[in-house]
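J.: would you be able to build a 3D model of this:
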Amino acid sequence: MLGHVSFGVEDLARAAAFYDAVVAPIGWVRVWDSVKGVGYGPPGKGDKLTLFPRPGQVVAPGAGFHLAFDAPDRAAVDAFHAAAMAQGGRDLGAPGLREHYGPTYYAAFVLDPDGYKIEAVHQ
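T.: Sure thing, here's the model as predicted:
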């Protein structure tokens, strides 16, 4: 199992504002922050996603890579997508069933401001 994932970001303040909004619907919070980075995860636990400023060095992974967040219900998937759109994310698949993945696979896909593909999914 993965311990955590780290993303390099162009603008830490912009990325933190984006992730503050999009992880809230899945029940995550900012668990630490400093001038060197920001960490997100379940309240009272360690980070599962970390963001580190890397101005001029960010190259998001290409096709095939994305980070999927488990959502507690379909409403959380909807709220994740709405928050991402409000914070400057790009729609890569509005909330809905993805029956080609499974009969109960409800998900939304977005591109964050640094070009990382992220998903919220409830099964």
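J.: the longest strand in the chain is where?
T.: Among the segments of the chain that qualify as a strand by DSSP state E, the longest is strand 90-97.
J.: tell me what it is packed against?
T.: In this structure, strand 90-97 makes packing contacts with helix 74-86, strand 106-111, judged by 3 or more Cβ pairs under 8 Å, 6 or more residues apart in numbering; DSSP states H and E. The C-beta positions use only the backbone N, C-alpha and C, and glycine is treated the same way.
J.: with just CA atoms, put the last one into CSV.
T.: Only the C-alpha atoms of strand 106-111 are listed here, as CSV (Å, rounded to 0.1, in the frame of the first residue of the first chain):
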residue,chain,number,x,y,z
TYR,A,106,-19.3,6.8,-9.7
ALA,A,107,-16.5,9.2,-10.4
ALA,A,108,-15.4,12.6,-11.6
PHE,A,109,-12.0,13.5,-13.2
VAL,A,110,-10.3,16.9,-13.3
LEU,A,111,-7.0,18.5,-14.1
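J.: what's the angle between whichever helix or strand comes after that strand and strand 90-97?
T.: Toward the C-terminal end, the helix or strand that comes next after strand 106-111 (DSSP states H and E) is strand 117-122. For strand 117-122 against strand 90-97, the angle between stretch directions is 20 degrees (axes from the mean of the first three to the mean of the last three Cα atoms, to 10 degrees).
J.: count the residues that sit near the spatially closest residue to Leu12 that is not a sequence neighbour.
T.: Distance criterion Cβ to Cβ, 6 or more residues apart in numbering; nearest residue to Leu12, sequence neighbours excluded, is Pro53 at 4.2 Å. Pro53 has 18 neighbouring residues, counting by other Cβ atoms under 10 Å.
J.: also the one 10 residues further on?
T.: When neighbours are counted by other Cβ under 10 Å, Ala63 registers 6.
J.: low-confidence stretches in the protein?
T.: Residue ranges of the chain with pLDDT under 70: 1.
J.: list the contacts for His51?
T.: For the record, residue 51 is Leu, not His. If you count contacts by Cβ atoms under 8 Å, 6 or more residues apart in numbering, Leu51 has them with Ser6, Phe7, Gly8, Val9, Leu12, Ala15, Ala16, Tyr19, Gly37, Val38, Gly39, Tyr40.
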